[in-house]
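Novice: What follows is a predicted structure for the sequence shown.
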Amino acid sequence: MQNLFWIVGLLLFISACTSNATPLADVDSLPTGDAQRGAELFTQRINGAPSCASCHTLTDVQAAGPGLAGYSQRVATRVEGLSALDYTYNSILHPSSYIVDGYSNLMYQQFRNKLNNQALADIIAYLLTL
């Protein structure tokens, strides 16, 4: 009987440690993004994560993060060898990789655990329209 309790306990532990989250696609296999849906998501909390708008403005006004006016043109040349798509994808999922001059490493670090592939693609599609 005691062995049964150990087995059940071990199974419960394993199931608690297993994530039900769908792994995020790499940038080349993201679904097609919907910029209109991305505009909506930009202002919403997703799975407890802060909204993009809580730190970024759509103007050149700086907040906790850089203003996003002219974003698509700026990011296309921000890091040599990275396209605007690659830069945006990495900046959202690995925000410590590219810190804009004059800013601290304050960006929320858990978007990769909160966004699904479609939401990520939609937000990126929207940002690349700015």
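Specialist: That came through fine.

Novice: Name all residues that make contact with the nearest residue to P31 once chain neighbours are set aside.
Specialist: In this structure, P31 finds its nearest non-sequential neighbour in A121, 5.1 Å apart by C-beta to C-beta, 6 or more residues apart in numbering. Yep, even glycine has a C-beta here, placed from its N, CA and C like the rest. Counting by C-beta atoms under 8 Å, 6 or more residues apart in numbering, A121 touches 30-34, 38.

Novice: Could you write me a PyMOL select line covering just the buried ones among the residues you listed?
Specialist: The buried residues among these can be selected in PyMOL (16 or more other C-beta atoms under 10 Å) with this line:
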select buried, resi 30+33+34+38
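
Novice: In CSV: the contacts of A121, plus secondary structure.
Specialist: Converted to CSV, the contacts of A121 look like this (DSSP: H, G, I helix; E, B strand; the rest coil):
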residue, secondary structure
L30, coil
P31, coil
T32, coil
G33, coil
D34, coil
G38, helix
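
Novice: so which of the contacts of A121 comes closest to N116?
Specialist: Closest to N116 out of those is P31 (9.7 Å), distances taken as C-beta to C-beta.

Novice: Test my guess that the closest one contacts Q118.
Specialist: Yes: taking contacts as C-beta atoms under 8 Å, P31 lies within contact range of Q118: 5.5 Å.

Novice: Does T88 touch Y126 like I think?
Specialist: No: T88 lies out of contact with Y126 (C-beta under 8 Å); the separation is 10.0 Å.

Novice: low-scoring pLDDT stretches of the chain, where are they?
Specialist: Low-confidence segments of the chain (pLDDT under 70): 1-23.

Novice: run the last query once more with 90
Specialist: Counting by pLDDT under 90, the chain has low-confidence residues at 1-26, 28-29.

Novice: Mind jotting down where the helices sit in it?
Specialist: Counting by DSSP state H, the chain has helices at residues 2-17, 35-42, 71-75, 84-93, 111-114, 117-127.

Novice: how distant is the fifth one from the center of its chain?
Specialist: In terms of C-alpha atoms, centre = their mean, to the nearest Å, the gap separating the centre of helix 111-114 from the centre of its chain is 6 Å.
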